[in-house]
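*Asks:* Dropping a prediction and its sequence here:
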Amino acid sequence: MRSQRERSVLWYEQPAGSWFEALPAGNGRLGAMVFGGTCRERIALNEDTLWSGEPRDTVREDAHLHLDPARKLIFEGRHAEAEEIIQQYMQGPDIESYLPLGDLELQSDKEGEITDYRRELILDEAVVRTQYRTDGALQTRELFVSAADQVLALRIESEQPLNLTISLGSPLQYAVRRTGSSGMALSGRCPVRVLPNTVRSDEPARYEEGRGIAFEAALHVTAEKGRIESSGGRIRVVSGRGVTLLLAAATSYDGFDRDPAAASLAGRPAPCARSGSARRPGWATAG
């Protein structure tokens, strides 16, 4: 067993400045990119079946009729003409786009002097940890994504009372609703078509009512020595010393050849958002 010094760790002394600098966590289906912010933390979420589009026939049935003419042009050195034939009559349509699920954001009321900052990805444990002091008080956040429970778990502990605003958002069309006194859910539907980023258009993404993949993320929050308030699509934690967030997500994808608009999301993400087993050793019992 490796000692503390022998652990494989990627660590940094400042928050991520972009998505490419954020630290990843995931279980093969549900993923997160953790930015490690102090007053404002952003956790970018994704789910492996969240794509634009819907089943469609992409086979060019008559493509073989243009193969010999294209070959002839190539052998004659007329490559531009051959390429035009291939693109117009033989090449399939552009694939659809993999899409971001959304963002989980934490906004702290307290602003102060930040010292002893460190964020790290513990590779042996698949855990992202952010730790720093605000005006001398230590705050620690740990995040991992459980394969057994299919849930993202985030634990926040502080030497001083925490006052946090927690929200969910997405670059896709979405709505947020309250789910009980300490939970909320983000739901939406993907566009049926997203143009490649090489194509300029006034409508790069096209939505159509009742078509495309539906998605939902469910969040449940518990706090120790504090209270939870929920209003306006946000959750407030007031004077908490420890906070645990559990997030689950699902889509209506039901196979490459099945219409995702016809599939139901009922009950998919909700049960694991209250899972009590998605915890690391040392985390206090919440709720």
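*Replies:* Now that the structure is in, tell me what you want to look at.

*Asks:* How many neighbouring residues does the nearest residue to residue 186 once chain neighbours are set aside have?
*Replies:* For residue 186, ignoring the flanking residues on the chain, the nearest one in space by Cβ to Cβ, 6 or more residues apart in numbering is residue 168 at 4.2 Å. For the C-beta atoms, the positions are set from N, CA and C on the backbone; glycine is no exception. Neighbour count for residue 168, taken as other Cβ atoms under 10 Å: 23.

*Asks:* Go ahead and confirm residue 168 touches residue 101.
*Replies:* No. Taking contact to mean Cβ atoms under 8 Å, the distance of 9.6 Å between residue 168 and residue 101 leaves them out of contact.

*Asks:* joint contacts of these two?
*Replies:* By Cβ atoms under 8 Å, 6 or more residues apart in numbering, residue 168 and residue 101 have these common neighbours: residue 217.

*Asks:* residue contacts, the residue nearest to residue 186?
*Replies:* Taking Cβ under 8 Å, 6+ apart as the definition, contacts of residue 168 comprise 102, 103, 104, 105, 176, 184, 186, 217, 219, 233.

*Asks:* For burial, what's the neighbour tally of residue 233?
*Replies:* Neighbours of residue 233 under the rule other Cβ under 10 Å: 14.

*Asks:* Would you confirm that it contacts residue 169?
*Replies:* No. Counting by Cβ under 8 Å, residue 233 does not reach residue 169; the two are 9.0 Å apart.

*Asks:* The chain: helices as residue ranges?
*Replies:* Defined through DSSP state H, the helices belonging to the chain, from first to last, are 67-75, 79-85.

*Asks:* Could you export those as a markdown table, including mean neighbour count and distance to residue 116?
*Replies:* Compiled in a markdown table, the helices of the chain are given as follows (neighbours: other Cβ atoms under 10 Å; distance: least, Cβ to Cβ, whole Å):
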| stretch | mean neighbour count | distance to residue 116 |
| --- | --- | --- |
| helix 67-75 | 13 | 64 |
| helix 79-85 | 14 | 58 |
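
*Asks:* Relative to residue 9, which of those helices is closest?
*Replies:* Residue 9 sits nearest to helix 79-85 of all these, at 49.1 Å, using Cβ to Cβ.

*Asks:* Are there helices or strands packed against that closest one, and which ones?
*Replies:* Packing contacts for helix 79-85, counted by 3 or more Cβ pairs under 8 Å, 6 or more residues apart in numbering; DSSP states H and E, involve helix 67-75.
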